[in-house]
Structure formats: structure tokens, C-alpha cells
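Colleague: Sequence and predicted structure, then a few things I'm wondering about:
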Amino acid sequence: MEREGEGVEGNGEELGRCLSSYVDEGSPDSHRYYLSRRTVLEMLKDRGYSIPTSEIDLSLSDFRAIHGQSLDVEKLRFSATHASDASKRILVVFCWPGIVKVNVIRSLAALIVNKDTLTGMILIVQSHVTSQALKAIDLFTFKVEVFQITDLIVNITKHVLKPKHQVLTDRQKQNLLKKYNIEEKQLPRMLQKDAIARYYGLERGQVVKVTYDGDITQMHVTYRCVW
């Protein structure tokens, strides 16, 4: 007798598991929140924040066991402190579906506890952010980064075709400029709105070491300055 999900070829050899057994039968929304949350955790860890490995490695089934199939996005909110600078604390907030209007930002500002201890916030939205809402975001006393949830489904730094990026410290940057006797404006540029610059939260003037190592092209290194 065939077991469910398996079959037998004409030569008597067993087939692998049925493709239907790989289909995620859970809520698509919970899957999207799970993937985007994991990417944000990886992003913060790459920025130097203290993120437990257990949080990044949390399985989809365990995530659903904690949050359910229909999530309360407010329960996904969390904060993290920088590993080497305890004065740096960032808050991650998931917004409800729908257009983000100015009243949403004002309500969020009223709900945030200990604003004075925050140095940054990541706002994850699922729709359009109005111009008035963007103006309200600019009124925060700390940097607020806005990401579409769809941009966080996949961690772009883990793509096989993406070169390795390393953010240089200020000392490493100065050593680089001194070594080649150049000014930072002579380095190739990377815009602040570049996906990699946004992932690492880079500021104007920071330098990134980019290492290419592919089968087609030989390994080579270049440097880009954020503008």
C-alpha cells in the first residue's frame, strides 16, 4: 500500500515526497510577517546590535505558535541595544495594513515609552505613506527609517550574486584615504537610498568595502562612499 505523499515508479522505485507536502498551508500574512521580522533581526545584528541567535533562528511553526495565524502587529514591536554602545537603542514597529496617514504617526508618537532613550526607529509599513505622515515622521528627535514589508521578505545581502559588503570604521576610512592619497569625494559613490546603504543604515560620508568573488569575474575589491 502506498503511503500518503509517496508513490512508486513503474520500475518499483519509490518516489520522493509529494510536492503538496511542501506547500505552506498556514496564513500567508503570518508567513510574510515571519520573513520580514527575521530580515530585520539579521539587519540589526549586522549593524552591531545585540540580537539573540535564537530569535533569528526561530522557525515558522514556532513563530505561529507564539503569534498565531492572525497576528496582532503591535505584539511584533521590539527594541534592541547596540552591542558596543549601550546608549544606542532602536525601536522596530510594524504598522497595520492600509495607508499610513498623519494620525497613525501621531498615535505612534503618543504610545512610545521612553522616547528620550531612543536613538532610532524602523517603521515597517504595508502601504503608501502620505506626505503629511512623512512630515510628521521628520519631527521625531531621532532617525526614523521607513521600509516596505515587501522589501524585507528576502535579505538582499544573502543573495548569491550579491558581492560582500563591509562597512569601514572611521579609522579604517582614514587609513584607506591616506594609503591611496585621495579624498573621499574621489571614491566611487553609493547613494543613501541604495538598498545596501539602507540595510546597514549608512550615513553620508561612510565608506563600504565591496568584495566581488564570482566564477565569471576574478576576485577584486572596490570602495564606495555614501552620498
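Modeller: Yep, it's here. Numbers count the residues shown, from 1 in each chain.

Colleague: Please parse the protein into its domains.
Modeller: Each structural domain of the chain that the record assigns through automatic domain parsing is listed here as a residue range: 28-154, 157-226.

Colleague: First-to-last residue distance for the shortest one?
Modeller: End-to-end distance of domain 157-226 (CA to CA, to the nearest Å): 17 Å.

Colleague: average pLDDT for that domain?
Modeller: Domain 157-226 comes out with an average pLDDT of 90.

Colleague: From the chain's centre, how far out is that domain? Work that out for me.
Modeller: Taking the mean of its C-alpha atoms, domain 157-226 sits 18 Å from the chain's own mean (CA atoms, centre = their mean, to the nearest Å).

Colleague: Also stretch 55-71?
Modeller: Here stretch 55-71 is found 18 Å from its chain centre; the criterion is CA atoms, centre = their mean.

Colleague: Show me which positions of it end up buried.
Modeller: Applying a neighbour-count criterion of 16 or more other CB atoms under 10 Å, one finds 58, 63-64, 67, 71 buried in stretch 55-71. C-beta: built from backbone N, CA, C; applies to glycine.

Colleague: Can you tell me which of the residues you listed is closest to Ser87?
Modeller: Nearest to Ser87 among the buried residues of stretch 55-71: Leu58, at 28.0 Å, using CB to CB.

Colleague: May I see the buried residues of stretch 171-184?
Modeller: Using 16+ other CB under 10 Å as the burial criterion, the residues of stretch 171-184 that qualify are 173, 176-177, 184.
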